[in-house]
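Enquirer: Quick one: sequence and predicted model below, then my questions.
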Amino acid sequence: MRQSRHIGKTLREAPKDAQSAAHALMVRGGYIQQLSAGVYSYLPLLLRTLNKISQIVREEMVAAGSEEMLMPALQSRELWEETGRWERYTAIDGIMFAFKDRRGAMVCLGPTHEEVVTDILRRDLKSYKDLPKSVFQIQTKFRDEIRPRFGLMRAREFIMKDAYSFDVDEAGLEVAYEAMRKAYHRICERIGFQYRAVAADSGAIGGSGSQEFMVLADTGEDTILFCDACDCAANQEKASSRLEEFEQETELKPMEAVLGKGLIGTGPLSEFLKIPLWKTTKTLIFEADDKVVAVMVRGDCDVNEIKVVNRLGCKSLRLASPGRIKTLTGAEVGYAGPIGLPADVLVLADHYVNGRVNFECGANQTDHHNVNVNFGRDLPLPEFGDFRMAREGDGCPQCQGKLQSARGIEIGHIFKLGTKYSEAMGCKVLDAQGKSNPVVMGCYGIGVSRIAAACIEQNHDDRGILWPPQIAPYQVHLIALNLEDEEINRQCEALYARLQSEGIEVLFDDRPLRAGEKFGDADLLGLPIRLTISKRTGDQIEFKLRKEAKPEMVSLEDALVRIKGICGLK
RNA sequence: CGGAGCGUAGCUCAGCUUGGUAGAGCGCCAGCUUUGGGAGCUGGAUGCCGCAGGUUCAAAUCCUGUCGCUCCGACCA
């Protein structure tokens, strides 16, 4: 491609709303242009990269035994009502674009395709002999994100590959899931990501198990925890951990309420009471849909709300308002405890709240704290479970190692769905006994446009992007200087033609600009190989890798060999 | 949805407090000079000051409404 004809001008200054390195570089490089909040045009250079990413994903999907198709983005309300997700996605979460067509029928733009694919397959599948099946598509998806952010990283319209598997039983799902898991690893490796696969919460999609593929980057929106000794790794919202436990007193002391005026927070409280932090207790009051729930964690811990939501199966969970807390506990915020709450308040407690003798907790009376509290004697046993936020430095739940943390960008997520959708939509097959069973499904998403953003986030310097050759829009950036010289002009044209005839993808900077501007643009655009021809280069070519600081002079034949080596061409 | 900020030239932004001829840098066009890391000089073009209403002799500026974009939070296959 001749740069003089190319659409997508580079900018010297980043627009003020650029929120991350990748976002700013994509805008400056003319890779994307914003149309409205979270909605972007993919300009020619980025489209080439997106196509290359799609092709890698496609190849790995096909290799994993999945078949490609394309489903409608425009979907009808009826299907979504079959699974009960219409209300959840429109009214409750509001994540789905939904509107009336001219006949007055409600339609939506698909944020995901479980309903549509299940509808297709339920017409196709009759017998267990028809299984297994696996299908995928690469398509634009729509999500009415509450807050679009970071350019393509969290957009309202984005490109995604989604795949779905259909099996006769859990064992079949296991095989399909494993094939996808391996394919996802291969995709990440082919793109050259530094990444981690972590255990994840399955969220609104539902299902029994899931893993996220996280590209490591400080600007990532997720925190992941991983063991420094074994391969245990999880998203923080899912992670569990092991805490240090302490030797307990053998004698139960009498419970008493002590005055600790204005003491809010377990830190100051433990100092004031001269007891270790682990003896204190945080009791948080939540409103879960229309019920009130109290959640207790050890004073040195925090509540993981997602774990609470999963335990309760509620649609929404939020901290109760100060006014509500006062009516429920009779005290200001900061003094809530499990003793003396209204009978209809469910009390949940993290495992590590248990096993303590003579512990502290709020007294439900302003400025007062109960000390020497003991389960069984002073209050009934609450429902115990894992409701605690795991943190860096905690013990690994599987071995004696310690958890470390990192920030990550979620680029892929694989789920074992089970029969949630097949059951709701009647996607069933007859087994060998002639009995009808819902098929067991899995779903597997990977963000194509997000991969491009994550790749830049992980591969850039202060001057611009450093594309890996596999997904660079072009492999070679041919820079022509001194074009006013007829001879050099001819030489450049010949080289451009030769490179193309060798199957090399070239962006040819044939613009009559100064050297500084051309080199600056080349660094910004970030193509892996830069070739320069000028009056200084004679019959040689200046060869420079974007990731290296220094250029070198090589012959044409040398250059071709090197380029093909880097690009994996013969 | 709660809190906040910003909409002025293609881009980054000043001007608004205290109403009175719409500005700068970069970019763009032309010419001359320059020519390997965003050059210099000269000349030039470019604005429904987001939109609508109000106050006023007079509004980019003050008031009201509205739309858009953004930030923080809640939320998030």
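Expert: All right, it came through fine. Numbers count the residues shown, from 1 in each chain, chains lettered A, B, ... in the order given.
Enquirer: The strand ranked longest in chain A packs against which elements?
Expert: As assigned by DSSP state E, the longest strand anywhere in chain A is strand A:403-418. Here strand A:403-418 touches helix A:170-191, strand A:195-199, strand A:209-216, strand A:222-227, strand A:440-447, helix A:448-458, going by 3 or more Cβ pairs under 8 Å, 6 or more residues apart in numbering; DSSP states H and E. All C-beta atoms are positioned from the backbone trio N, CA, C, and that covers glycine.
Enquirer: repeat that with 7 Å
Expert: In terms of contacts (3 or more Cβ pairs under 7 Å, 6 or more residues apart in numbering; DSSP states H and E), strand A:403-418 is packed against helix A:170-191, strand A:209-216, strand A:222-227, strand A:440-447, helix A:448-458.
Enquirer: With respect to RNA strand B, which of these lies nearest?
Expert: strand A:440-447 (2.6 Å; Cβ to the nearest atom of the strand).
Enquirer: Give me the contacts around that closest one.
Expert: A:57, A:114, A:158, A:160-170, A:172-173, A:176-177, A:180, A:184, A:187, A:205, A:411-419, A:421-422 (Cβ atoms under 7 Å, 6 or more residues apart in numbering).
Enquirer: From what I see, residue A:566 and residue A:468 are in contact.
Expert: No: using Cβ atoms under 7 Å, residue A:566 is not in contact with residue A:468; the gap is 10.2 Å.
Enquirer: Which stretches in the stretch 51-200 of chain A count as strands?
Expert: Shown for the stretch 51-200 of chain A, the strands assigned by DSSP state E, counting those that start in this stretch span residues A:67-68, A:74-76, A:97-100, A:106-109, A:133-142, A:157-167, A:195-199.
Enquirer: I meant to write the stretch 451-570 of chain A there.
Expert: With DSSP E, counting those that start in this stretch as the criterion, the stretch 451-570 of chain A has strands spanning A:476-480, A:506-509, A:529-533, A:541-545, A:552-554.
Enquirer: For RNA strand B, tell me whether the shortest one is touching it.
Expert: No: if you take Cβ under 7 Å from any atom of the strand as the test, strand A:552-554 misses RNA strand B, and the best it gets is 9.0 Å.
Enquirer: Which among the contacts of strand A:440-447 count as buried?
Expert: A:57, A:114, A:158, A:160-168, A:172-173, A:176-177, A:180, A:184, A:187, A:205, A:411-419, A:421-422 (16 or more other Cβ atoms under 10 Å).
Enquirer: From the structure, what's the count of residues near the closest residue to residue A:74 other than its chain neighbours?
Expert: Closest residue to residue A:74 apart from its sequence neighbours, by Cβ to Cβ, 6 or more residues apart in numbering: residue A:107 at 5.8 Å. By other Cβ atoms under 10 Å, the residues close to residue A:107 number 15.
Enquirer: which residues does residue A:107 form a beta bridge with?
Expert: residue A:76, residue A:99 (DSSP bridges).
Enquirer: isn't it right up against residue A:96?
Expert: No: taking contacts as Cβ under 7 Å, residue A:107 lies outside contact range of residue A:96: 10.5 Å.
Enquirer: which neighbours do the two share?
Expert: What both residue A:107 and residue A:96 touch, as defined by Cβ under 7 Å, 6+ apart, is an empty set.
Enquirer: count of residues packed around residue A:175?
Expert: 14.
Enquirer: low-confidence ranges in chain A?
Expert: The model of chain A has pLDDT under 70 over residues A:202-208.
Enquirer: Fine, thanks again, bye for now.
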